[in-house]
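In: the sequence and its predicted three-dimensional model are supplied below.
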Amino acid sequence: MTNGGRGRQSTPLDWLITLAAVWIMTGLFIDAHQHLFLAVESFINPWHLTLYSGAVFAAAVLAVTIAVNYRRAGGFWKAVPLGYGQSVLGVAGLLIGGACDAAWHAVFGFEHQLDLLLSPPHLFLLTGLFFLITGPVRSALARPDAKDLLDQLPMLICLGLAFEIAQFVTQYGFYPEALMRDRPLSQIEFHDEQFVLSVFLFYRQALEIAIIIWQSVLLAAAILYACVGKRLHFGAIAIVCVVEKLWVGGELSTDIAALALVVLASLVAGALGDVVVATLRPSVRNPNAFRLLGFVVPSAYFGAYFALAVPMFGGTWWDASFVFGAIVEGGLVGLCISQLYLAGARAVPLVGKS
Amino acid sequence: MIGTSRASASAGWYDWLMAVASLWLSGGIMIDAWYHFHSTVESFFEPAHALLYAGLLAAYVFTALAAVSGRRRGYPWRLALPAGYETTFAGLIVCLIGGIGDMIKHSLWGFEQGFNALLSPTHLVIGAGMFLIIAGPIRSGLTRARPPATLIAQLPMLLSAASMMELAHWGTQFIFMSEAESFNAPLPPASVPHWTLTLLTLQYDKQGIGLLAVIVQSILIVGFVLYIARRLRPAPGAATVLLVTGNAFIAAAGSNYAGQFLSVVFASLVAGGIADAARLDPADQLSLRWPIAAFAIPSGYWTAMLAALAVTMGGIWWSPDVISGSILFAGLAGLFLNALTGPFQRAT
């Protein structure tokens, strides 16, 4: 494979695939938003077109790059730029997944609601998409550290978008329904419906705690992965935090304020994470700072979410145990994820210096 | 941090005693949970609480004995505990602080009900303290120049790790069982027309929780197996011991029928068997065995679980898409956890 001889800078290919990733993911999430909030009657609509044209663009960019390199490299795989081998497989996965999806629909019909997220051909397609858009991440990891934040942007955006794929297939595990406007009906006020309402409350609260855990896993995993892989410039953690939640937040929000709350909380958590990175230099060789980073970011996200909900939405209907418990639990989950990273990183010595 | 000159000679018997205390604690907390599920608990002074707190007391007593033993062999107090047990000592203090904080919180705001008990910050502090206490035998094994290699020698570590898993299950007990059994199926939304919206919402919540159970359990299972396997070479049977012990207590506490309990045990045996068959080697973490095992362990667990539930509980209500997708998704969750947290090679 070739690195194009471009040293430590992001290549034009990194930027083009990042553009394609943003393009595809925007189409995917707007399409999902339309399905959630509007009746979509036809396969031919602007959002499907956005989604699929982005995939065609990415495939074309890869094809042209390989064609240009082919004569000099002397073979197909040798012509694939460093880090993009799995992206090529990702494109193949999209084609195979598309064919499987058509066959699945022919046999089992079209999926509805949550079945749509768990249909094996859809998971296959999204896995292909994951490998396609993570090319800039692998490309950056294969190079020495970037000299500035701008140069790290393709890696950071694509890393965040890769986690957005996980957010997409688990979108029932994103929105915690904690705002005052989401409060369940009072069992005292609606006494006749008390049994039904108590069942509702049980399932809602169970789902909400599960959401805290899952969102903390994703957030901690994303920022710690970036931190293990590279020496990050100030602002990098904030970018990953925002990108990791912006698209799914946009899909599920019914108004701009709900999305703004997610973005602002992500910015606060990311800014705190950047301060930890800048001051303590967390890495696998500085494990306590690394653990602290794992704790601080998810904990700060939920802390900021509830604090900002007060002026923006009149607060939360959760009580003190739930609110402060969510903040502590988010941090503890992040701490556990950091331990897993440390276990893996310690077992095999790193190549090079952190 | 105090280094290598700790009283390591006394670690052998203390490792075993702390493994017993770990099981006692995790078993006690699950019996307490079962007691809360199946009877009205009116007072702090009831048998399950006594069992749980006796386990905690045992951890204090065993640690005191180890410290006294180290001191008698000439070590200063600060070095008297065997290497690796610094966290156990810290955990005992954290538990004490959490307990005092919990008492103050209860006197100010009363006792928590339902899910509030799981998310109460002071309970989480106590839980974090218990994690640190239980971590002792694991850290002790890992700090040795020659980590334990046989199943018997690894047992204290494995039982402690299994106890940690049980504690994690306690905190996430509402997403341990998938509720995929047919008798747990929500009523079809069209069955009661004036409740359609209610039933649709309930169906969404139940399916959402079931799927999050698949994801979170997959992460827990793979996370614990990978953590142990990356730090030492697991002896044959080690993963099976870890997963069966790590799931059995919560399964017993949360099951209403024998079929539910047996399904968890069967699935744990299958997943543990797959992990043991993979023969993961920490010295060769770039081998394909790791991603294959990380995929196969949770997908094997959920395949076995759903199959066993279907056989023993009269079928399951999940659709073919959800069944096949959740098995695939469990594997993908394991695969990505392995990829994210695996050894890193980076350019200089």
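Out: That came through fine. Keep in mind the model is a prediction, meaning the values are calculated, not measured.
In: show me the contact partners of the lowest-mean-pLDDT helix or strand in chain A.
Out: Sorting the helices and strands of chain A by mean pLDDT, DSSP states H and E puts helix A:114-118 at the bottom, at a mean of 76. Contact with helix A:114-118 is made by A:122, A:168-172, B:204, B:207-208, B:211, B:319, B:321-322, B:324-326, B:328-329, as judged by C-beta atoms under 8 Å, 6 or more residues apart in numbering or on different chains. Just so you know, the C-beta spots here come from the backbone N, C-alpha and C atoms, and that holds for glycine as well.
In: can you flag the buried ones in these?
Out: A:122, A:168-172, B:204, B:207-208, B:211, B:319, B:321-322, B:324-326, B:328-329 (16 or more other C-beta atoms under 10 Å in any protein chain shown).
In: sort out for me which of the contacts of helix A:114-118 are in helices.
Out: Cross-referencing those against helices under DSSP state H gives A:122, A:168-169, B:204, B:207-208, B:211, B:321-322, B:324-326, B:328-329.
In: for stretch B:237-256, what does the pLDDT average out to?
Out: Regarding stretch B:237-256, the rounded mean pLDDT is 95.
In: quickly check: it near chain A or not.
Out: No: contact of stretch B:237-256 with chain A is not found when judged by C-beta under 8 Å from any C-beta of the partner chain; the minimum separation is 12.7 Å.
In: and that stretch, which residues are buried?
Out: Across stretch B:237-256, burial judged by 16+ other C-beta under 10 Å covers B:238-255.
In: what's the answer for stretch B:177-195, then?
Out: Buried residues in stretch B:177-195, counting neighbours by 16+ other C-beta under 10 Å, are found at B:177-181, B:186, B:189.
In: of all those, which comes closest to A:Ile24?
Out: When the buried residues of stretch B:177-195 are compared for distance to A:Ile24 (C-beta to C-beta), B:Ser178 wins out at 32.1 Å.
In: returning to that earlier point: reformat the ones in helices among the contacts of helix A:114-118 into CSV and put distance to A:Ala99 next to each item.
Out: Shown next, in CSV, are those (distance: C-beta to C-beta, whole Å):
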residue, distance to A:Ala99
A:His122, 13
A:Phe168, 21
A:Val169, 20
B:Tyr204, 31
B:Gln207, 28
B:Gly208, 30
B:Leu211, 26
B:Asp321, 18
B:Val322, 22
B:Ser324, 17
B:Gly325, 18
B:Ser326, 23
B:Leu328, 17
B:Phe329, 21
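In: helix, strand, or coil at A:Ser186?
Out: Three-state assignment for A:Ser186 (DSSP: H, G, I helix; E, B strand; the rest coil): coil.
In: what confidence value was assigned to it?
Out: pLDDT, A:Ser186: 79.
In: identify the residue spatially nearest to it, adjacent ones excluded.
Out: Leaving aside its chain neighbours, A:Ser186 sits nearest to A:Leu197 (8.0 Å; criterion: C-beta to C-beta, 6 or more residues apart in numbering or on different chains).
In: surely that neighbour is within a strand?
Out: No: read with three-state DSSP, A:Leu197 is helix and lies in no strand.
In: for it, what are its contacts?
Out: A:184-187, A:190.
In: likewise for B:Gln260?
Out: B:177, B:181, B:251, B:254, B:309, B:312-313.
In: residue in the stretch 1-150 of chain A with the shortest distance to chain B?
Out: Ranking the residues of the stretch 1-150 of chain A by distance to chain B (C-beta to the nearest C-beta) places A:Leu118 first, at 2.7 Å.
In: what's the local residue count around that residue?
Out: 26 (other C-beta atoms under 10 Å in any protein chain shown).
In: list the contacts of the nearest residue to it once chain neighbours are set aside.
Out: The shortest distance from A:Leu118 to any residue other than its chain neighbours is 2.7 Å, reached at B:Gly325 (C-beta to C-beta, 6+ apart). The contact partners of B:Gly325, taken as C-beta under 8 Å, 6+ apart, are A:115, A:117-120, A:122-123.
In: which one of the residues you listed is nearest to B:Ala21?
Out: B:Ala21 has its nearest neighbour among these in A:Leu118, at 41.5 Å by C-beta to C-beta.
In: what score does the residue of the stretch 1-150 of chain B at minimum distance from chain A have for pLDDT?
Out: Across the stretch 1-150 of chain B, the shortest distance to chain A (C-beta to the nearest C-beta) belongs to B:Leu119, at 2.8 Å. Looking at B:Leu119, its pLDDT is 81.
In: skipping adjacent residues, who's closest to it in space?
Out: B:Leu119 sits nearest to A:Gly325 (C-beta to C-beta, 6+ apart), 2.8 Å away.
In: need the pLDDT of B:Leu286.
Out: 82.
In: now B:Leu81
Out: Residue-level pLDDT assigned to B:Leu81 equals 90.
In: next up, phi/psi of A:Pro144, please.
Out: Backbone torsions for A:Pro144, taken as degrees, to the nearest 10, come to phi -60, psi 170.
In: how about B:Thr150?
Out: Dihedral pair for B:Thr150: phi -90, psi 160, per degrees, to the nearest 10.
In: any idea how far it is from B:Pro234?
Out: 11 Å (C-beta to C-beta, to the nearest Å).
In: any weak-confidence spans in the chain?
Out: Just going to use chain A. A:1-9, A:39-44, A:110-113, A:346-354 (pLDDT under 70).
In: not quite, I wanted chain B
Out: B:1-11, B:40-44, B:344-348.
In: give the buried residues for stretch A:241-252.
Out: Applying 16+ other C-beta under 10 Å to stretch A:241-252 flags A:241-252 as buried.
In: what does the stretch 151-300 of chain A put close to chain B?
Out: Proximity of the stretch 151-300 of chain A to chain B, by C-beta under 8 Å from any C-beta, involves residues A:166, A:169-170, A:172-173, A:196, A:199-200, A:202-207, A:209-211, A:213-214, A:217, A:221, A:225, A:228-230, A:284.
In: among these, the buried ones, what's the PyMOL command?
Out: The PyMOL command for the buried members of those (criterion: 16+ other C-beta under 10 Å) is given here:
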select buried, chain A and resi 166+169+170+172+173+196+200+203+204+205+206+207+209+210+211+213+214+217+221+225+228+229+230+284
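In: can you tell me which of the residues of the stretch 151-300 of chain A next to chain B are in helices?
Out: Those of these mapping onto helices are A:166, A:169, A:196, A:199-200, A:202-207, A:209-211, A:213-214, A:217, A:221, A:225, A:228-229, per DSSP H.
In: quick one: distance of the host helix or strand of A:Ile157 to the chain centre.
Out: In this assignment (DSSP states H and E), A:Ile157 forms part of helix A:149-169. Distance of helix A:149-169 from its chain centroid, counting by C-alpha atoms, centre = their mean, to the nearest Å, is 6 Å.
In: how is chain B divided into domains?
Out: Annotated domains of chain B cover B:1-151, B:172-343 [automatic domain parsing].
In: first vs last residue of stretch A:99-118, how far apart are they?
Out: 17 Å (C-alpha to C-alpha, to the nearest Å).
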